[in-house]
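1. What follows is a predicted protein model with its sequence.
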Amino acid sequence: MRDVELYRQILGLSAPWRVTDVHLDLPGNRVEVEVDHPEGCRWRCPKCDQDLPVHDHAPERAWRHLDTCQLQTILKARVPRVRCPDHGVVQIAVPWAEPRSRFTLLMERWIIDVLQQCATVSGACRLLHLSWDEVFGVMERAVRRGQSRKGPLSLRRIGVDEKAFRKGHSYTTIVSDVDRSTIEYMADERTRESLAGFYETLTPEQCEHIQAVAMDMWDPYFQATVAHVPAAADKIVFDRFHIMQHMGQAVDAVRKAEHRALRATGDNTLARTKYLWLYSRENLPQQRRRQLRDLLGQNLKVARAWAIKEALRHLWSYRREAWARRYFKHWFHWATHSRLAPIRQVAHMLKRRLDNILTYCRLRITNAVAEGINSKLMAIKRRACGYRNPQHFKTAAYFFCGGLDLYPR
């Protein structure tokens, strides 16, 4: 009787449910707790809440509970079913677990906590002594639960970016809430339809409520946003991170060509200097500043390209679009007269998209949040040694970066 009362307290059961027996299995390192109810109880239909008598019982089921006294604790019960005049024969909801779950509510909460700390399903499996399917099933239910609890979206500022799901140009489109730093939507590929699917989940009022959209200069994303967001041309900001990435690639192309030319004459001045030119001036490591200073004094083409790249950074220091446009005009003249083909190509590309680069002066938004989320996703992929199933990758992304209410109630 003491065991029965102890487990009634541990499980937190209330009438009409009661613990009827406790079986201790020391060789199996487990304890089984049998739960039942008195005869004549009435139950509520889980769909319409009608008060009904018992029709019959489902076969006995078992739920894994939190360990007690270092023993696996298994709760067993035959769940009543009722015959509802509106919904037919249905199984009632038990207070200790969610429908179709093999874990109690407290156990699911514990699994979610362990998953968030481990950041891998396999790590949680080893700690909890559960199978991969069991733990991932909890993750899937948690994501579905969290998404169902989300109210109507009220997005003001969003970021749009893509993430390589695996090698071979397999991409996933990711829409993030810049203000909450959460993933709001994911879709396969990086096409116009991928992003349009997100906007189609919003009402016209929600689309109009969007005030700023940060993205790279990928045209399908631009076209999808213009087609669905009112006055989108004034709300899109081409992200400076991606713009500077293009400039960095142009500088590296200049370095490669010049290094090949110098090496042909036996000059290895530019050997092992690739990343030196990709740093911004303020982020350059202290121990490499002298090396850069010496190279800048040698009249190298890559030194001119680096100076043009660094000058472009000042564009985002302006708060008035007119002054920023004036600065870009001078920078564009310098870049296009530099006699450096990669630099000229990027300069002309930026001029064609200048209007949505300078919207930054007014909206002050970047894709830094999306890049931060990408870093988290990269860490999750690395710990999991990659994902073969794109749906599993999306589930993990929503679980760790979705800002969802994951816990069962």
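-> Sure, I can see it.
2. so where's the chain uncertain?
-> Scanning the chain for pLDDT under 70 picks out 1, 167-169.
3. domain ranges for it?
-> Listed domain ranges for the chain are 1-96, 240-363 (source: automatic domain parsing).
4. Tell me which of the ones you listed sits nearest to Ser154.
-> domain 240-363 (17.8 Å; CB to CB). Bear in mind the C-beta positions are built from the backbone N, C-alpha and C, glycine included.
5. For the stretch 1-150 of the chain, which segments are assigned as helices?
-> Here the stretch 1-150 of the chain has its helices, by DSSP state H, counting those that start in this stretch, at 2-11, 105-118, 121-128, 132-149.
6. Hmm, Asn283 and Glu310 touching each other?
-> No. Contact criterion CB atoms under 8 Å: Glu310 and Asn283 do not qualify, at 11.1 Å.
7. Settle it for me: which of these two has more neighbours?
-> Shown here are Glu310 and Asn283; by other CB atoms under 10 Å, Glu310 has more neighbours (16 against 7).
8. contacting residues around that one?
-> Remark: with contacts taken as CB atoms under 8 Å, 6 or more residues apart in numbering, Glu310 is in contact with 280-281.
9. Backbone dihedrals for it, please?
-> Backbone torsions for Glu310, taken as degrees, to the nearest 10, come to phi -70, psi -40.
10. where's it relative to Met186, distance?
-> Between Glu310 and Met186 the distance is 36 Å, computed by CB to CB, to the nearest Å.
11. Over to Leu153?
-> 14 Å.
12. Same check on Asp355?
-> Using CB to CB, one obtains 29 Å as the distance from Asp355 to Met186.
13. burial count for Arg362?
-> Using other CB under 10 Å, Arg362 has 14 neighbouring residues.
14. Which secondary structure state is assigned to it?
-> Secondary structure state of Arg362, per DSSP: H, G, I helix; E, B strand; the rest coil, is helix.
15. rewinding a little: out of the helices of the stretch 1-150 of the chain, the one nearest Pro390 is which?
-> Short answer: helix 132-149, nearest of the helices of the stretch 1-150 of the chain by CB to CB, at 14.2 Å.
16. Ile343 contacts Ala305, doesn't it?
-> Yes. The pair Ile343 / Ala305 is scored as a contact, 5.5 Å apart, by CB under 8 Å.
17. list residues touching both of these two?
-> The contact sets of Ile343 and Ala305 overlap at 250-251, 254 (CB under 8 Å, 6+ apart).
18. hey, where'd the strands end up in the chain?
-> Using DSSP state E, the strands of the chain run over 18-25, 30-36, 42-44, 51-53, 56-57, 61-68, 71-77, 80-84, 88-91, 157-166, 170-177, 182-188, 212-215, 236-238.
19. isn't Asp3 right up against Val22?
-> Yes. Here Asp3 lies in contact with Val22, judged by CB under 8 Å, at a distance of 4.2 Å.
20. Look at those two and report which has more neighbours.
-> Ranked by neighbour count (other CB under 10 Å), Asp3 and Val22 place Val22 first, with 18 against 14.
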